[in-house]
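Undergrad: what follows is a predicted protein model with its sequence.
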Amino acid sequence: MRLAPARPDEVTATRPGDDIVPGDPVVMDRGCSFDAPPEVVWPWLEQLGKGRAGWYLPIRVEQFLPPSRRAIRHVDDRWLGLEVGSVIPDYGGRHETFTVASIDPPHSLVHRSRRSHTDVTWSLTLTPEDGGTRLHLRLRLGPVKHRRLAEVAGGFFDALTVAGMVAGLRERLREEYRQRCGLAA
């Protein structure tokens with residue numbers, strides 16, 4: 001899997017949504033590259049979410065989930081067209097949601113949420129790179145009562161979920177490319 005901590009220049013760069021969580025937040029940066037242009041990757045990111053396209057995982061993992069919990073394997077127009085203020089259901093509790101804080105297709109999408117007493121932003125930034133796309137994901141949490149716990153345990157959980165999502169997205173992008181080219185899966 002080609003998910004890694006973000007490159008140093010990505011970590012120091014200002015990202016959309018950085019101004020939403022005040023103070024000294026816990027920040028988790030991840031990065032990955034795809035062999036598809038931002039315009040192809042974008043709709044897959046826009047349709048993410050519980051009760052929408054799902055949260056992508058590779059098929060070898062999804063086979064262990066009930067069919068109702070598996071993410072779709074195609075772009076579905078009904079989940080596109082997000083706007084600032086759009087609400088997206090999320091896991092972590094029956095009433096947990098993300099709200100779109102900013103959107104600039106096909107460059108950036110920022111989700112925000114409040115979990116208990118902590119503000120959360122999740123920024124996804126797409127940049128063209130060598131004929132493909134570099135995706136930078138930044139999760140910001142604040143205020144955080146137990147900072148070290150959030151950095152270690154939260155960082156592990158974030159890395160695990162993002163790695164699964166990236167692997168599932170990469171698999172779907174390959175399937176889409178094969179279909180477009182008329183190749184067998």
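TA: Okay, I see it. Numbering: from 1, shown residues only.

Undergrad: am I right that residue 22 sits in a helix?
TA: No: assessed with DSSP: H, G, I helix; E, B strand; the rest coil, residue 22 is coil; it does not lie in a helix.

Undergrad: tell me how far the lengthiest helix in the chain is from the chain's mean position?
TA: Counting by DSSP state H, the longest helix found in the chain is helix 155-181. Distance of helix 155-181 from the chain centroid (CA atoms, centre = their mean, to the nearest Å) equals 10 Å.

Undergrad: quick one: low-confidence parts of the chain?
TA: 1-4, 184-185 (pLDDT under 70).

Undergrad: re earlier: show me what the longest helix of the chain packs onto, helices and strands only.
TA: Packed against helix 155-181 by the contact rule (3 or more CB pairs under 8 Å, 6 or more residues apart in numbering; DSSP states H and E) you find strand 26-34, helix 38-46, helix 59-62, strand 132-142. The C-beta positions use only the backbone N, C-alpha and C, and glycine is treated the same way.

Undergrad: kindly format the C-alpha coordinates of the first one as PDB.
TA: In this case it means strand 26-34. Output of strand 26-34 as PDB, limited to C-alpha atoms (Å, rounded to 0.1, in the frame of the first residue of the first chain):
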ATOM      1  CA  VAL A  26      -3.600  17.600  17.100                       C
ATOM      2  CA  VAL A  27      -2.800  17.400  13.400                       C
ATOM      3  CA  MET A  28      -2.500  14.200  11.400                       C
ATOM      4  CA  ASP A  29      -1.200  14.400   7.800                       C
ATOM      5  CA  ARG A  30      -1.300  11.500   5.300                       C
ATOM      6  CA  GLY A  31      -0.500  11.400   1.600                       C
ATOM      7  CA  CYS A  32      -0.800   9.100  -1.300                       C
ATOM      8  CA  SER A  33      -0.600   9.100  -5.100                       C
ATOM      9  CA  PHE A  34      -3.000   7.800  -7.700                       C
END
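
Undergrad: sheet-wise, list the partners of it with their directions.
TA: strand 4-5 (antiparallel), strand 132-142 (antiparallel) (DSSP bridges).

Undergrad: okay, those in CSV with distance to residue 24 and mean neighbour count next?
TA: Output for the strands paired with strand 26-34, formatted as CSV (distance: least, CB to CB, whole Å; neighbours: other CB atoms under 10 Å):
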stretch, distance to residue 24, mean neighbour count
strand 4-5, 20, 12
strand 132-142, 7, 21
